[in-house]
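1. Structure, please.
(one chain, ligands or ions: 1)
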Amino acid sequence: MSQNDSSKEEQETARLEKLIQTCKKQHVDFPTPYEYTPDNAKIQDKGVLITGGASGIGEAMARAFAAAGAYVTILDLNRPRGEQLVAEMTEKGHKMIFHATDITDFDQQLAAFRAAQSFSPSGQLSHVFANAGNIGSYTLYPVENIDSSATNGGEATKTLVKPSLPCVQVSLIGMYYTAYLALHFLTLGTKAKSGALDTGTPAEKDLLDRSLTLMGSVMSYKGYKGLSDYCMAKAGVRGMFKSLRNDIKESTGIRLNLLAPTYVETPIYPKGIDLSVYKFAPMEFLVRIAQQLVCDTTIHGRSIIITADGPKDMDDDIAGLDGAPVIKDFLLGHNMLNAGP
Ligand SMILES: NC(=O)c1ccc[n+]([C@@H]2O[C@H](COP(=O)([O-])OP(=O)(O)OC[C@H]3O[C@@H](n4cnc5c(N)ncnc54)[C@H](O)[C@@H]3O)[C@@H](O)[C@H]2O)c1
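-> Purely as a prediction, here's the structure:
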């Protein structure tokens, strides 16, 4: 090896080591959710948009943010539940609107973002939770979508039926639309003041703080037998997160994070399945993490696994081997049914 080559190799090693140290510095030690108290002053009067906010995790977050004084817009397919929730919260004096929206329809989401922007007292959205999702009903193998009643020249034949991918449509494409719209709406009104993000007083920085949180899953990291569409969608969301986090913070100031819950008891689980086999994380853990992601303006680019034991930084970066050690620990400690190697 020439002297030139070895000095190049040393430079590359030094560059990699610097990158690893930078990643390590971004690691967050999340407190036990029961010990975390959000600073409601940072939530008060902020415009918050939550997709899938009429049920489950989205509903719990929407309730918590509205109770803390935010102006919350929920988007959901489920009009009766959305309207009921808004009526209940309005009755209590909280600020919440519902926009009936199918997030797979871009124009419907655009209209909902505009409504959320108008609803916010500052005329600006501060925090978006891209949460809506469904479990899907399609698995790639074994191929079951076969119409065996079709005939060909009198002989019975098997015709493959085009698969529908409702989970990918909602949890991947719909979420992509949410992220796309969020990146536009969250920066409105902030670009002229972007210098204040670096040099402003803490109060000015808080006012300008913006965040987008994507709802992934532990299945963004693991395959799961019988859920090929869900795993594909959630792995795709993680891919979007990992790519975007490098792009947006410096140019837009938007903080981007990913939630990767394991199991949370919500209506997403099909009726009739045995829920006693799951080790559920309490809903309070999800709510606390959402509050922390809004209140702590330093958290950016983190993926957070949430188990029954609490939240943990996945260390989904080069220093943390893309989250593999954390997933290994989780698999050892929990009975993750149907998870493959
Ligand atoms: N519950 C869990 O164990 C778990 C674990 C990991 C990740 N997640 C994720 O958390 C998110 C919320 O799920 P949940 O468990 O609260 O389920 P949920 O069924 O209680 O809530 C999902 C909400 O999304 C809405 N929705 C579905 N399709 C929509 C569409 N096209 N347009 C608008 N709204 C739509 C539903 O109407 C529902 O209100 C999902 O992305 C889910 O994949 C859940």
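2. Could I get the CA-only coordinates of stretch 233-246 as PDB?
-> Included here for stretch 233-246 are C-alpha records, laid out as PDB according to Å, rounded to 0.1, in the frame of the first residue of the first chain:
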ATOM      1  CA  ALA A 233     -45.800  -0.500   4.400                       C
ATOM      2  CA  LYS A 234     -44.100   0.000   7.800                       C
ATOM      3  CA  ALA A 235     -40.600  -0.800   6.400                       C
ATOM      4  CA  GLY A 236     -41.400   1.800   3.700                       C
ATOM      5  CA  VAL A 237     -42.300   4.400   6.300                       C
ATOM      6  CA  ARG A 238     -38.900   3.800   8.000                       C
ATOM      7  CA  GLY A 239     -37.200   4.200   4.700                       C
ATOM      8  CA  MET A 240     -38.900   7.500   4.200                       C
ATOM      9  CA  PHE A 241     -37.900   8.600   7.700                       C
ATOM     10  CA  LYS A 242     -34.200   7.600   7.300                       C
ATOM     11  CA  SER A 243     -34.000   9.400   4.000                       C
ATOM     12  CA  LEU A 244     -35.900  12.600   5.000                       C
ATOM     13  CA  ARG A 245     -34.200  13.100   8.400                       C
ATOM     14  CA  ASN A 246     -30.900  13.800   6.600                       C
END
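3. mind checking how far that stretch is from the chain centre?
-> A distance of 10 Å separates the centroid of the chain from that of stretch 233-246, by C-alpha atoms, centre = their mean, to the nearest Å.
4. ditto for stretch 123-136
-> On the basis of C-alpha atoms, centre = their mean, stretch 123-136 sits 8 Å off its chain's mean C-alpha point.
5. From start to finish, how long is that stretch in a straight line?
-> One end of stretch 123-136 to the other measures 36 Å (C-alpha to C-alpha, to the nearest Å).
6. Now do the strands in the stretch 101-250 of the chain.
-> Shown for the stretch 101-250 of the chain, the strands assigned by DSSP state E, counting those that start in this stretch span residues 127-130, 146-147, 151-152, 155-156, 159-160, 210-215.
7. worst average pLDDT in those?
-> Mean pLDDT per stretch puts strand 155-156 lowest among the strands of the stretch 101-250 of the chain, at a mean of 54.
8. what's the pLDDT at the residue in the stretch 101-250 of the chain that the ligand sits nearest to?
-> Here the residue of the stretch 101-250 of the chain nearest the ligand is G133; by C-beta to the nearest ligand atom that distance is 2.3 Å. All C-beta spots, glycine's among them, are computed from the backbone N, C-alpha and C. At G133, the model reports a pLDDT of 96.
9. Quick check, it in contact with I173.
-> No: under the criterion of C-beta atoms under 8 Å, G133 makes no contact with I173, lying 11.6 Å away.
10. Quick check: bridge partners of R255?
-> R255 has the following beta-bridge partners by DSSP bridges: S211.
11. Let me see the confidence value for it.
-> On the pLDDT scale, R255 is placed at 94.
12. Then T178?
-> For T178, the pLDDT comes out at 98.
13. burial count for it?
-> Other residues within reach of T178 by the criterion other C-beta atoms under 10 Å amount to 28.
14. Same question for S6.
-> Taking other C-beta under 10 Å as the neighbour definition, S6 ends up with a count of 10.
15. With K271 instead?
-> K271: 5 neighbours (other C-beta under 10 Å).
16. now swap in R114 and tell me
-> Each residue near R114 was counted by other C-beta under 10 Å, and the total is 13.
17. just S228 next, same as before
-> A total of 18 residues lie near S228 under the criterion other C-beta under 10 Å.
18. likewise the one 10 residues further on?
-> Here the count is done by other C-beta under 10 Å, and R238 has 22 residues near it.
19. G216 is in contact with that one, correct?
-> Yes: with contact defined as C-beta under 8 Å, R238 and G216 form a contacting pair (5.2 Å).
20. who touches T139 in this structure?
-> Under the criterion of C-beta atoms under 8 Å, 6 or more residues apart in numbering, the contact list for T139 reads 226-229.
21. What's the separation between the closest residue to A308 other than its chain neighbours and the ligand?
-> Computed as C-beta to C-beta, 6 or more residues apart in numbering, the closest residue to A308 that is not its neighbour in sequence is K279, at 4.6 Å. The span separating K279 from the ligand equals 11 Å under the rule C-beta to the nearest ligand atom, to the nearest Å.
22. Sounds good, over and out.
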